[in-house]
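Colleague: Structure, please.
(chains A, B and C)
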Amino acid sequence: MTFKQYLPEGSSEGKAKMSLDHGATFGDILKILDIPIELPKIVIINGVIQISDEINARVLIDGDIVSVFPPVGGG
Amino acid sequence: MDKVRIKIDHNKCTGCRHCETACSSNHYENMVNPALSRIRVYIDEEANQFFPVIAGPFTEAECTCKYDVIIDGKEYDECSVCRASCPRRTWFREPGTGVALKCDLCGDPADPHCVQICNHGALALVEI
Amino acid sequence: MEGYIGKILRVNLTDGEFAVEDIDPDLIRQYVGGRGLGTKILYDEIDPAIDPLSPENKLIFLNGPLTGTGAPAGSRYMVITKAPLTNTIACSNCGGSFGPELKQAGYDGIIFEGCSEEPVSLWINNDEVEIRSAIDLWGKTTHETDDLIKAEIEDKFVARDTQIACIGPAGENMSKLACIISNKNRAAGRTGVGAVMGSKKLKAIVVRGTKGIRLADGKAFNTAIKSAMDKLNAGPVTSEALPAFGTPVLVNIVNECNILPTYNWQSSSYENAGKISGETMAETIVTRHKGCFACSIACAKCTEIEDPEFKGKGEGPEFENVILMGSSCGIDNLGAIAKASYLCNELGMDTISVGGTIATAMELFEKGYITEKDAGMKLNFGNAQALVAMTEKMGRGEGFGAVMADGGARLAEKFGHPELFMGVKKMEAPAYDPRGVQGMGLQYATSNRGACHVRGYTMANEILGVHEKVDPLITDGKAALVITFQNLTAIIDSAGLCLFVALCPGFLYEEVQGLLNGATGFNYTVDELVQAGDRIWNLERLFNQKAGFTKEDDTLPKRLLEVPAGPGNKVCELDKMLPEYYKLRGWDDGFPGKEKLAELGLE
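Modeller: Coordinates of the predicted model:
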């Protein structure tokens, strides 16, 4: 699985800048990018892995770096 | 039984040989032995090519006329991918006795265990 | 006996004698097989204090009960010996088709004793066992050895069914980073087991087998296989991430989490990680997906480099070595990393330790502790040519490569800066910075074979959230988590399964139990397996205790304990986790006491 297909226009190397309304949540990003909310995923905000079940309600602030990965593993 | 056949897509094969264990354990009770399998995977480690080969007819003698085949730019001798149970080769003959092994599609109706176990789509049962 | 063969081949290389012995079924049941059983045999037969490269050391190749049976990912053989790199117990584990073939030939494993005067190889064709001269093979790479042995077999169709495990020049030179290679690119990689093989002048083991493995209950076993495969196919890692991208799928995520060793662990993220990621590999160099014996995952990636400077083909690189040779050396040239990995396979060296050692050398060089004159080349971070050239020199034991071939700990020590070695018990650490994933720090410190990720992969929960999501930055609960993974891994290894099954949600004791019981008829309960995992771990610990290790050795490099880094800007808080770990293990003063030994039947 890859989330590549959900990348917005103008993104490069899997990264994009997004302008969001004040008070926008992580769940809002998923909606904007059309990523199905139920897809299993690993979420990292500013380098910190998010383990909360309530992650979709997390309010983002200006400058937050959000990474979303499908389930991965190896080693 | 003549309504179905196995389709092999060698490009999807990963060379894992799971088909060999599944075949042998289905034909021999409580036993796993690739040497008794009616499907074998020819693994060309040099070219990273994997060719599943399913046991076909029994021949009493080695072919007198042979040809080579070119697959993805590399030449292979015909025996490498041949499906005969033949004295030239160890495959498809019971070790020791030499009894010929032949694919029977795991019975009638066909239910080939190699196809069931193949996780990579290299083997498929198709209707004719 | 079912699942197992019940036979082990004992070969004395000093006098060229060999014998086939029965294995005590009670021992098998208590230690499951492979890693557990091999450790028990080694513990009973050698003094753990011996020099690992002396003739007194033994080298045990041993399968698990599920190896070669058709259990998914059941391809593993294990090499158990006293490790030259770490001086601990070694169990190094390898996939491919060698283990299954050895079992088909009628042996669970082989015990090598003594030491040959001249290079030899062991040839096994079912009941026929023969020690042959390997003088002509000595000095050859693993790939050349494989080809030459197969060419020696008159019938080319028999040759194709033959499986080989061998060492390359690194093992011959007794480099402490030497591994054992089978199927040309599969490695029993870590702890220097290849050097033990080299010390015994054993170049190769050549096996063909057609006898079959008996199963206790073929029907129940097939049901268990189906259940296991359904799980693996439902697990996103085992059904999608690993098949599509292989282990390097982790590069991007580990980098985003700020736990990616960079510049010999001076930094924990790498600006050019994207250039060496699994996604980039898949787009640029992967030519084919490949699976070990009976594996439904098929994580191996055949690759090819076209860049004339680093031209070559082979398998990998894998995640750990992409990082250790890549970001940890400040190198973003995938071609150079792949080339160095190919060289490791051909010369027979552990890619992780080679990468870690070169990264240490680069920091020593940058800080002026190693000069260009010492090294014979510039070893600056980012020097892709040096990575490849030094890997070759290490593998062949040439020039400064001979100095580096015994690993980063000895190198850093020699040049007066042991603190720049990034590993534990002299083994180079794998590619997760424990300052941002605390459980892995405890795991590195307590692992029975030095800094190692595959003794207790708590990453699975701490970052990847496979079975349960756990906060990687806290220390609470990590001791219990580490113990759970360590014991489970001991069982997965000993059974002959690949550890990657545990990257599938819910693939825990119950799945292994189903497979084991179908194959062996032992009717193991889960409790019995949990206890067996604990028993194996404790026996390994006892071995290390007798080899002279103390709890002071359960530590981490200073940098990880003192210099904050990573997402929480923290150090690895080992002191908060270690006492709890000992306590939960039931150990007094860092080692199992009388009570614990009695509980496990280890008195």
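Colleague: Closest to the centroid, which residue in chain A?
Modeller: Ranked by distance to the mean C-alpha position of chain A (Cα atoms, centre = their mean), the top residue is residue A:68 at 4.2 Å.
Colleague: residues contacting the nearest residue to residue C:239 once chain neighbours are set aside?
Modeller: Leaving aside its sequence neighbours, residue C:239 sits nearest to residue C:233 (Cβ to Cβ, 6 or more residues apart in numbering or on different chains; 4.8 Å). Using the backbone N, CA and C atoms, a C-beta is placed for each residue, glycine as well. By Cβ atoms under 8 Å, 6 or more residues apart in numbering or on different chains, residue C:233 lies in contact with B:119, C:239, C:296.
Colleague: which residues sit in contact with the residue nearest to the centre of chain A?
Modeller: Residues near residue A:68 by Cβ under 8 Å, 6+ apart: A:3, A:35, A:41, A:42, A:43, A:44.
Colleague: what helix or strand does it sit in?
Modeller: Assigned by DSSP states H and E, residue A:68 belongs to strand A:66-69.
Colleague: Residues of chain A that sit close to chain C?
Modeller: With the criterion set to Cβ under 8 Å from any Cβ of the partner chain, chain A comes near chain C through A:1-2, A:13-14, A:40, A:42, A:44, A:46-49, A:51, A:67, A:69-75.
Colleague: what do you get if the cut-off is 7 Å, keeping everything else the same?
Modeller: Residues of chain A that fall close to chain C, judged by Cβ under 7 Å from any Cβ of the partner chain: A:1, A:13, A:40, A:42, A:44, A:47-49, A:51, A:67, A:69-75.
Colleague: Buried among those? Need that as a selection in PyMOL.
Modeller: To isolate the buried ones among those in PyMOL, judged by 16 or more other Cβ atoms under 10 Å in any protein chain shown, type:
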select buried, chain A and resi 1+42+44+47+48+49+51+67+69+70+71+72+73+74+75
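Colleague: Restricted to helices, list the residues of chain A next to chain C.
Modeller: The members of those all map outside helices under DSSP state H.
Colleague: Mind jotting down where the strands sit in the stretch 1-150 of chain C?
Modeller: Along the stretch 1-150 of chain C, counting by DSSP state E, counting those that start in this stretch, strands occupy C:7-12, C:17-22, C:59-63, C:77-82, C:89-94, C:109-113, C:120-125, C:128-133.
Colleague: Same question for chain B.
Modeller: Using DSSP state E, the strands found in chain B span residues B:4-8, B:31-32, B:39-44, B:49-54, B:68-71, B:74-77, B:123-127.
Colleague: ok, back up a step: looking at the contacts of residue C:233, spot the one nearest residue B:71.
Modeller: Nearest to residue B:71 among these: residue B:119, at 23.2 Å, using Cβ to Cβ.
Colleague: and that closest one, how many neighbours?
Modeller: Neighbour count of residue B:119, defined by other Cβ atoms under 10 Å in any protein chain shown: 22.
Colleague: quick one, what contacts it?
Modeller: When contacts are counted by Cβ atoms under 7 Å, 6 or more residues apart in numbering or on different chains, residue B:119 touches C:229, C:233, C:296.
Colleague: Report how many residues lie close to residue B:56.
Modeller: 15.
Colleague: actually residue C:125, not the one I typed
Modeller: Neighbour number of residue C:125 under other Cβ under 10 Å is 16.
Colleague: Grab the nearest non-local neighbour of it.
Modeller: In space, residue C:125 is closest to residue C:208, 4.9 Å off (Cβ to Cβ, 6+ apart).
Colleague: same check, this time on residue A:40
Modeller: Closest residue in space to residue A:40, ignoring its immediate chain neighbours: residue A:71 at 5.2 Å, by Cβ to Cβ, 6+ apart.
Colleague: Can you tell me how far that neighbour is from residue C:484?
Modeller: Separation of residue A:71 from residue C:484 (Cβ to Cβ, to the nearest Å) stands at 20 Å.
Colleague: try residue C:314
Modeller: Residue C:314 is 36 Å from residue C:484, by Cβ to Cβ.
Colleague: With residue C:212 instead?
Modeller: Distance from residue C:212 to residue C:484, counting by Cβ to Cβ: 36 Å.
Colleague: Confirm residue C:301 sits in a strand?
Modeller: Yes. Counting by DSSP: H, G, I helix; E, B strand; the rest coil, residue C:301 is found in a strand.
Colleague: Tell me which residue of the stretch 451-600 of chain C lies closest to chain B.
Modeller: Going by Cβ to the nearest Cβ, chain B is nearest to residue C:519 of the stretch 451-600 of chain C, at 8.9 Å.
Colleague: Quick one: residues contacting that residue.
Modeller: C:2, C:3, C:65, C:66, C:69, C:71, C:215, C:216, C:221.
Colleague: Out of these, name the ones that lie in helices.
Modeller: residue C:221.
Colleague: Could you identify which of the contacts of residue C:519 has the most neighbours?
Modeller: Counting by other Cβ under 10 Å, top hit in the contacts of residue C:519: residue C:66 with 35 neighbours.
Colleague: can you pull the contacts of that one?
Modeller: Applying Cβ under 7 Å, 6+ apart to residue C:66 gives the contacts C:74, C:495, C:496, C:497, C:515, C:516, C:519.
Colleague: The same query, at a cut-off of 10 Å, please.
Modeller: C:3-4, C:32-34, C:72-76, C:213, C:221, C:224-225, C:228, C:294, C:492, C:494-497, C:512, C:515-516, C:518-520 (Cβ atoms under 10 Å, 6 or more residues apart in numbering or on different chains).
Colleague: Can I get the buried part of those as one ChimeraX selection?
Modeller: Per 16+ other Cβ under 10 Å, the buried members of the contacts of residue C:66 correspond to this ChimeraX selection:
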select /C:3,4,32,33,34,72,73,74,75,76,213,221,224,225,228,294,492,494,495,496,497,512,515,516,518,519,520
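Colleague: before we move on, back to that, can you put the contacts of residue C:519 in TSV and add pLDDT?
Modeller: Formatted as TSV, those follow (pLDDT from 0 to 100):
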residue	pLDDT
C:2	96
C:3	96
C:65	98
C:66	98
C:69	98
C:71	98
C:215	98
C:216	97
C:221	97
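Colleague: Closest to chain A out of the contacts of residue C:519?
Modeller: residue C:71 (20.0 Å).
Colleague: ok, residue C:29 - how many residues close by?
Modeller: 16.
Colleague: same deal with the one 10 residues further on?
Modeller: Summarising burial for residue C:39: neighbours were counted as other Cβ under 10 Å, giving 28.
Colleague: need the residues of the stretch 251-400 of chain C near chain B, please.
Modeller: Listed as neighbours of chain B in the stretch 251-400 of chain C under the rule Cβ under 10 Å from any Cβ of the partner chain: C:287-300, C:302-304, C:313-315.
Colleague: Buried subset of these as a ChimeraX selection?
Modeller: Here is the ChimeraX command that selects only those of these that count as buried (16+ other Cβ under 10 Å):
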select /C:288,289,290,291,292,293,294,295,296,297,298,299,300,302,303,304,313,314,315
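Colleague: Residue C:212 and residue C:484: which is more packed in?
Modeller: Just comparing residue C:212 and residue C:484: by other Cβ under 10 Å the higher neighbour count belongs to residue C:212, 22 against 18.
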